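Chemist: Compute the structure for the input listed below.
(chains A and B)
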Amino acid sequence: MGTATEHGKFGVLVRTAVVLAVIGLLCSGVLLVFGAGPWTVGVSMMLGAPILGLAILLYLVVVIRDLRDQGIL
Amino acid sequence: MHSRILRRFTFWGVAGFASSAAAVEGQQPGLAGVDLIRTAAIAAVVLGVLILILTEFVVKSRISRTAYHWLVLFGLCVLPATALVGATVTMLEETKTVDSCAACHVMDPFVYDLQHEDSETLAARHYKNNWIPKNHCYSCHTTYGVHGAFEAKRDGFRHWLLYVTGTYEEPITYKGSFPNVSCLDCHDGTPKYDQVTSHVVLDRDLRSDRVSCSSCHGPAHPTPGERGIYEGELWEQLRNTENSVY
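Modeler: Model prediction:
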């Protein structure tokens, strides 16, 4: 079995999803740590949540395309 | 600010175990569900950031493809979903509190009046007599059931949008009419309520909102003219008192 980098056909997409997820998680953390206020809600729910959603969506696209390539879907 | 964060972390770190143990002994109610969810969400955020950065940028070339897939799946789906649920639950719960309403400075006169021990407004009397045990603003400004909660959140979003974009005019005013059901849900049927002749005579009108409770008992909050007393030097002093929520 090879290492992860040897099979990284969708590497750019996954890396983009990872970066987005990290940003989204940090934004979500703002509300969790500081509590609900006008700006924390804005950063967490209006910025963090869509970014996290986008990251998950990108990852799902990668998974589906990978499964199609392997003939499973 | 730092002490507040430190207190919160200390609470999460220590209270989780201590309160659970105490709750078993019947000394205190124990850790609330929302606090547990919030703690799990914070752990998910920390773990998620660490796993994703380490997996993608540090150890990717040294681990097997299977291990990489599992770690990415965990870091990109399970942990973000946990964080999102935690953040949403925290937001929905925390936005019910008086502290949350006080976070927008435009609400300062209302919250201060609410907590001022000499204030005789309807809202202040409910607050200081503990007639509503918690979430005082939310309890009166939300009609009941899922529909009421949805409306409250929708209005809350609209108010938030107006506040952060600065597209509101002062003095702020209450749009529409206050539904009597918010009062009747607690007061209706109590001996004290039924003893008042006008309540009996106007029963139909009160139930159909043709006559507002605040016509006799209101206004619940300081009027635009009265809000001025909560400004200036006295107001600044009161904001800085130990028990202030600001």
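
Chemist: List the residues that contact B:I132.
Modeler: B:126, B:139-140 (C-beta atoms under 8 Å, 6 or more residues apart in numbering or on different chains). The way it works is simple: take the backbone N, C-alpha and C, and place the C-beta from them, glycine included.

Chemist: with those residues in mind, which one is nearest to chain A?
Modeler: Nearest to chain A, judged by C-beta to the nearest C-beta, of the contacts of B:I132 is B:S139 at 16.9 Å.

Chemist: With pLDDT and secondary structure as extra columns, can I get the contacts of B:I132 in CSV?
Modeler: As requested, the contacts of B:I132 are exported to CSV (pLDDT from 0 to 100; DSSP: H, G, I helix; E, B strand; the rest coil):
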residue, pLDDT, secondary structure
B:H126, 92, helix
B:S139, 86, helix
B:C140, 87, helix
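
Chemist: mind putting those in TSV, distance to chain A and neighbour count included?
Modeler: As requested, these are exported to TSV (distance: C-beta to the nearest C-beta, whole Å; neighbours: other C-beta atoms under 10 Å in any protein chain shown):
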residue	distance to chain A	neighbour count
B:H126	22	17
B:S139	17	17
B:C140	19	17
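
Chemist: Tell me the one of these nearest A:V62?
Modeler: Closest approach to A:V62 among the contacts of B:I132 (C-beta to C-beta): B:S139, at 46.5 Å.

Chemist: per-residue pLDDT, A:V14?
Modeler: pLDDT, A:V14: 92.

Chemist: A:G29 now?
Modeler: Per the predicted model, pLDDT is 95 at A:G29.

Chemist: which ones are touching it?
Modeler: With C-beta under 8 Å, 6+ apart, A:G29 has these contacts: A:44, B:42, B:45-46, B:83.

Chemist: Recalculate using a threshold of 7 Å.
Modeler: Contact analysis of A:G29 by C-beta atoms under 7 Å, 6 or more residues apart in numbering or on different chains lists B:42, B:45.

Chemist: How far away from the center of its chain is the strand or helix carrying it?
Modeler: Per DSSP states H and E, A:G29 falls inside helix A:11-34. Offset of helix A:11-34 from its chain centre (C-alpha atoms, centre = their mean, to the nearest Å): 6 Å.

Chemist: Name the residues of the very next helix or strand once past that helix that are buried.
Modeler: Using DSSP H and E, the next helix or strand after helix A:11-34 towards the C-terminus is helix A:38-41. Buried positions in helix A:38-41, judged by neighbour count with 16 or more other C-beta atoms under 10 Å in any protein chain shown: A:38, A:40-41.

Chemist: Serialize those to TSV and add fields for pLDDT and distance to B:D35.
Modeler: Shown next, in TSV, are the buried residues of helix A:38-41 (pLDDT from 0 to 100; distance: C-beta to C-beta, whole Å):
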residue	pLDDT	distance to B:D35
A:P38	89	22
A:T40	93	17
A:V41	91	18
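
Chemist: Show me what from chain A comes close to chain B.
Modeler: A:1-5, A:7, A:14-15, A:17-18, A:21-22, A:24-26, A:28-29, A:31-33, A:35-38, A:41-42, A:44-45, A:49, A:52, A:55-56, A:59 (C-beta under 7 Å from any C-beta of the partner chain).

Chemist: in which helix or strand would I find the spatially closest residue to B:A102 that is not a sequence neighbour?
Modeler: Leaving out its chain neighbours, the residue that sits closest to B:A102 by C-beta to C-beta, 6 or more residues apart in numbering or on different chains is B:V111, at 4.3 Å. Assigned by DSSP H and E, B:V111 falls within helix B:108-115.

Chemist: and for that helix, what are the contacting residues?
Modeler: By C-beta under 7 Å, 6+ apart, helix B:108-115 touches B:98, B:101-102, B:119, B:121, B:123-124, B:127, B:136, B:221-222, B:227, B:230, B:238, B:245.

Chemist: Out of the residues you listed, grab the one that's most surrounded.
Modeler: B:C101 (24 neighbours; other C-beta atoms under 10 Å in any protein chain shown).

Chemist: if I pick the spatially most central residue of chain A, what's in contact with it?
Modeler: Compute the mean C-alpha point of chain A, and by C-alpha atoms, centre = their mean the closest residue is A:A55, 2.5 Å away. Going by C-beta under 7 Å, 6+ apart, A:A55 touches A:17, A:20-21, A:24, B:76, B:80.

Chemist: Thanks a lot, catch you later.
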